[in-house]
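Peer 1: Next one to model:
(2 chains)
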There are 2 protein chains.
Amino acid sequence: MSSRTSDPKQLFAAAQQGDRASLARLLSLIERGGDDAREIGRLSYPLIGNAYTVGITGAPGAGKSTLTSAVITHLRKSQVKVAVLAIDPSSPFTGGAILGDRVRMQDHATDDGVFIRSMATRGHLGGLSLATSEAMRMLDAVQYPLVLVETVGVGQVEVEIAGKADTTVVVVNPGWGDSVQANKAGLMEIADVFVINKADRKGVAETKRDLEQMLELSDFAHDAWTPPIIATVGTTGEGVGELWTAVEQHRQSITASGEIVSRRNARLRLEMRSIIERRLEHRAREICTGSKWDALETDVIARSIDPWSAADQMLEGIGA
Amino acid sequence: MSSRTSDPKQLFAAAQQGDRASLARLLSLIERGGDDAREIGRLSYPLIGNAYTVGITGAPGAGKSTLTSAVITHLRKSQVKVAVLAIDPSSPFTGGAILGDRVRMQDHATDDGVFIRSMATRGHLGGLSLATSEAMRMLDAVQYPLVLVETVGVGQVEVEIAGKADTTVVVVNPGWGDSVQANKAGLMEIADVFVINKADRKGVAETKRDLEQMLELSDFAHDAWTPPIIATVGTTGEGVGELWTAVEQHRQSITASGEIVSRRNARLRLEMRSIIERRLEHRAREICTGSKWDALETDVIARSIDPWSAADQMLEGIGA
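Peer 2: A predicted model of the protein is given here:
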C-alpha cells in the first residue's frame, strides 16, 4: 500500500486506508506549507469533527513527553487509537529536543494503534501555529479518534498552539513558582486540567495550594468547570489514570454545555484571521525587497523622502 | 506665543520658536497617529540629525525614573537642554505609573530647559513603537540636542523601543537575577552601558560579577566597545556623573567608528518595514469585518468552505 507518490490526493487516500508512511508524508507537506498544504486542507476539511483533541503543555523540563508516553500506555490498555503531535517551536528538525521526544516515546514505536510525529519550524511561529491546526484536522479526517498535541508552554504563540485543543492539560512540577513566572497568566487562561508531575518530589502540597489560590482569584471561580489538579509521576505512570478521568470529565462537561461547539467555532474564526494576517505579512516581505525598495531606502537615509511617504509609494496599488 | 490651533504646521512653527504647549500638542497628535502624525513626520524629517538620543531601560521597579531625574539634574548643571520621553507601553494614559513618573520628575517642572512627556497607548504596541520614533525625530527637529527615552524593559516590543536610541543604558539592581530572567538576552543585546542602581543595597559586587561573566560569554568580547558597568544611587545622585561620562564615551566611540551612522540607518530600514507591516495589519483588520466576512465565517463553520479558500475570497483584489 505504501506509495512513493508526493501527490496530496493519492497520499490522502492511502492515509485513509491506514498507510502510515503516507500519513508521515502528508504531515511533512503540511509542515512545509504552500500549495500542497492547502490541497490537504481542502481534502481534510469536509471530513473533520470526529476526533477529540487534547493539548499537553508546560515549561521545558516539566516531563511532558514522559507524561504523554504514560498517557498513551494508559489509553492503549483499552485499545484506543491515538495520534500524537509533538510541537517544538524553537528547534529546527534536527534539534536535540525532537530526538529526545522520540527516544521517550519509542516504547510505542512498534504499536500500530499509535502514530507519533514531531513538528517544528525554521521560520515563522505563526506558520507553525497554522500548520498545527491543519495537521490536527488531517489526523481527524483520516480517522484518529484522539489527537494529543504536546507543546512547550513558553511564549505567546506556543501557548496559542497549546490552546488549540478541546481539553488543555497544563503540566507543572512541585515548586514550579519561578520557572514559569513570566507565563503564568497565559497558562492559567488555557488550563482545563492541571497536572503536578514529578509528584514523588517535595512540595506537591504547596504547589497544589498555590494553584488553588490562583484558581480562586481567577475567572474560573464563576465557571461551570473548575480545572482539577492531579498529581502524577510520569516515569511510573502513577496518577495517569486519574488524569485521563479528569480529561474525560472535562470532555463531558463541555459537550453537555455546548461549549465544545462554541470553542471550536471561536478557534476557526481566529484561524481565518491568522491566515489573512500571514498572507499579508508574506506580502509585506515581498514588498520590502527589490530595486524600488532599495532606491527608497537610499532616499529615506538621504532624507530626501520621509519613511511614511516611502511606505505609501511601496504600497501603491495593493489597496493598503 | 501659545496657540490654541490644532494645525500641525502652525503647532510645529510655534514649537520651533520654543512654545512648550505647542510641543505637548504635537506629541499628543503623534501619539494618536493618523494623518496629523504623518504631517508632523513630513515636517520633522528634513530637519533631523542633530540630537543625540539616550535610552534608559530596565525591569519595573529598577528605579529608572528616579535615575532619569538624577541624570537631568546632572545635565542641567551645565545648562544642557534636554527632552525626556517616558514610554509606558502597558498603561493607558491615566495609569498609576505615568502619574508616578511625573511625581518623580516634578523637580524639573519649572525648568524651561527641560521638557518631559509621557507616552502610552491603549492599542497596538507596534503603534507605540512607531510613535516613539516619530516623537524622537520631532524633538530633534525642534532642536533639543539631547533626547532621553525611558521605557520599561519587559517584552520584545518594549526592548525594541528601548533600542531606538544612540546609546542605551540598561538599569539593573543588586540581586537582579530572577526578576529579569526571561528577558536577560534581549536586554544584554541592546545594552551599551549597564547601571547597577540602588547600589546602597547589598549584592553590588555579585551583580557586577554576574554582568561581567555574561559580557565575557557574549559577542561583546570581540567588539570595539564593551559596556561599562556603573554603580549608582538614583535617590542621592551618587554615580550619576560617572554614568554620564560613560554615555559620552560611548557616543565618542560610535561617532569615531562611524557606527552611529550605520546604527541610525539600520533603525530607519527597520522602521520602514514596520510601517508597511502596520499598514497591512490595519488592512487585515478591515478585511476581517463586514457582511462578506460574516457570511464566510458562517460557511467555514458549516464546513461548506475551508478556511484557506475563505481567506482567498477575502483577499481577492488586494494583491496578497
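Peer 1: quick one: residue A:174 from residue B:79, how far?
Peer 2: The gap separating residue A:174 from residue B:79 is 60 Å, by Cβ to Cβ, to the nearest Å. All C-beta atoms are positioned from the backbone trio N, CA, C, and that covers glycine.
Peer 1: Neighbour count for the two, which is higher?
Peer 2: Neighbours were counted for residue A:174 and for residue B:79 using other Cβ atoms under 10 Å in any protein chain shown; residue A:174 has more, 19 against 7.
Peer 1: ok, that one - contacts?
Peer 2: Contact analysis of residue A:174 by Cβ atoms under 8 Å, 6 or more residues apart in numbering or on different chains lists A:196, A:198-199, A:201-204, A:206-207.
Peer 1: List phi and psi for the nearest residue to it once chain neighbours are set aside.
Peer 2: Closest residue to residue A:174 apart from its sequence neighbours, by Cβ to Cβ, 6 or more residues apart in numbering or on different chains: residue A:203 at 3.5 Å. The phi/psi pair for residue A:203 (degrees, to the nearest 10) reads phi 100, psi 10.
Peer 1: Residue A:203: neighbour count?
Peer 2: 16.
Peer 1: is it true that it touches residue A:172?
Peer 2: No - with contact defined as Cβ atoms under 8 Å, residue A:203 does not count as touching residue A:172 (10.6 Å).
Peer 1: show me where the stretch 1-150 of chain A has strands.
Peer 2: For the stretch 1-150 of chain A, the strands defined by DSSP state E, counting those that start in this stretch occupy A:52-58, A:82-88, A:114-120, A:146-152.
Peer 1: Of all these, which one is nearest chain B?
Peer 2: Chain B lies closest to strand A:146-152 among the strands of the stretch 1-150 of chain A, at 14.0 Å (Cβ to the nearest Cβ).
Peer 1: which outside residues touch the closest one?
Peer 2: When contacts are defined by Cβ under 8 Å, 6+ apart, strand A:146-152 is touched by residues A:51-60, A:64-65, A:68, A:71-72, A:75, A:80-90, A:101, A:132, A:136, A:139-140, A:158, A:161-162, A:164-165.
Peer 1: Listing partners with orientation, what would you give for that strand?
Peer 2: Applying DSSP bridges, strand A:146-152 is found paired with strand A:52-58 (parallel), strand A:82-88 (parallel).
Peer 1: quick check: mean pLDDT across it?
Peer 2: Mean pLDDT, computed over strand A:146-152, is 91.
Peer 1: how many degrees apart are it and strand A:114-120 in direction?
Peer 2: 30 degrees (axes from the mean of the first three to the mean of the last three Cα atoms, to 10 degrees).
Peer 1: roughly how far apart are the residue nearest to residue A:174 and residue B:299?
Peer 2: Going from residue A:203 to residue B:299 by Cβ to Cβ gives 51 Å.
Peer 1: Local confidence estimate at residue A:276?
Peer 2: 87.
Peer 1: host element of it?
Peer 2: Using DSSP states H and E, residue A:276 maps to helix A:259-287.
Peer 1: Kindly report the residues of the stretch 1-150 of chain A close to chain B.
Peer 2: Proximity of the stretch 1-150 of chain A to chain B, by Cβ under 8 Å from any Cβ of the partner chain, involves residues A:38, A:41-42, A:44-46, A:48-49.
Peer 1: where are the low-confidence patches of the stretch 151-300 of chain A?
Peer 2: Applying pLDDT under 70 to the stretch 151-300 of chain A flags the ranges A:153-158, A:176-185, A:219-222.
Peer 1: residue ranges of the helices in it, please?
Peer 2: Assigned by DSSP state H, counting those that start in this stretch, the stretch 151-300 of chain A shows helices spanning A:156-162, A:184-190, A:204-217, A:240-257, A:259-287, A:290-301.
Peer 1: Does the second one reach chain B?
Peer 2: This means helix A:184-190. No - applying Cβ under 8 Å from any Cβ, one finds helix A:184-190 separated from chain B by no less than 11.5 Å.
Peer 1: got the buried residues for that helix?
Peer 2: Applying a neighbour-count criterion of 16 or more other Cβ atoms under 10 Å in any protein chain shown, the buried positions in helix A:184-190 are A:186-188, A:190.
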